[in-house]
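Asker: any chance you could fold what I've pasted below:
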Amino acid sequence: YIHILAVRANVIGTDESRINIRSYIWGMTIMKNPPSLWITINPTDTHDPIAQVLTREDINLDKFDSTVGPDASHRALVMASDPYTAANFFHFIICAILKELMGITVQKPK
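Answerer: Numbering: from 1, shown residues only. Sure thing, here's the model as predicted:
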């Protein structure tokens, strides 16, 4: 049984790996002080007009009306059919939030 727990500790998503991660986080808070802000940023790509524009949908953002245009299932289908654009939208939004709200500029690795 102990051997199974040791193996499961290295498998992402198991209870044992979560315990290890929590222990690591608590150890870091003891060593470097607790964080002043914990935040989860989860932008939705299926209903965002910017994401739809990135998929080359015909949307005029200058005269945007949320009641006109494709329905929710079509928007979800468009985003699901183009995972690169979904990832690009996520990266764009996260970089914008980091830059505008927190003053952190994300640079490409050299």
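Asker: relative to His47, how far out is Ile59?
Answerer: Note on Ile59: its distance to His47, by Cβ to Cβ, to the nearest Å, is 12 Å. All C-beta spots, glycine's among them, are computed from the backbone N, C-alpha and C.
Asker: could you do Val11 as well?
Answerer: Val11 sits 34 Å away from His47, taking Cβ to Cβ as the criterion.
Asker: where does this protein have low pLDDT?
Answerer: By pLDDT under 70, the low-scoring segments of the chain are 1, 66-69.
Asker: which parts of it are helices?
Answerer: In the chain, the segments counted as helices under DSSP state H are 2-8, 15-32, 49-54, 72-81, 83-102.
Asker: the last one vs helix 72-81, what angle?
Answerer: Here helix 83-102 runs at 100 degrees with respect to helix 72-81, directions being taken by axes from the mean of the first three to the mean of the last three Cα atoms, to 10 degrees.
Asker: what's the spacing between helix 83-102 and its chain's center?
Answerer: Helix 83-102 sits 8 Å away from the centroid of its parent chain (Cα atoms, centre = their mean, to the nearest Å).
Asker: now it - C-alpha only, CSV.
Answerer: This file holds the C-alpha atoms of helix 83-102, laid out as CSV (Å, rounded to 0.1, in the frame of the first residue of the first chain):
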residue,chain,number,x,y,z
PRO,A,83,-8.1,25.6,-30.9
TYR,A,84,-5.2,27.7,-32.1
THR,A,85,-7.4,30.8,-32.1
ALA,A,86,-8.8,29.9,-28.7
ALA,A,87,-5.3,29.6,-27.3
ASN,A,88,-4.3,32.9,-29.0
PHE,A,89,-7.3,34.6,-27.5
PHE,A,90,-6.4,33.3,-24.0
HIS,A,91,-2.8,34.5,-24.4
PHE,A,92,-4.0,37.9,-25.6
ILE,A,93,-6.4,38.4,-22.7
ILE,A,94,-4.0,37.2,-20.0
CYS,A,95,-1.2,39.5,-21.4
ALA,A,96,-3.6,42.4,-21.5
ILE,A,97,-4.8,41.8,-17.9
LEU,A,98,-1.3,41.4,-16.6
LYS,A,99,-0.1,44.6,-18.4
GLU,A,100,-3.1,46.9,-17.7
LEU,A,101,-4.1,45.7,-14.2
MET,A,102,-0.8,44.7,-12.7
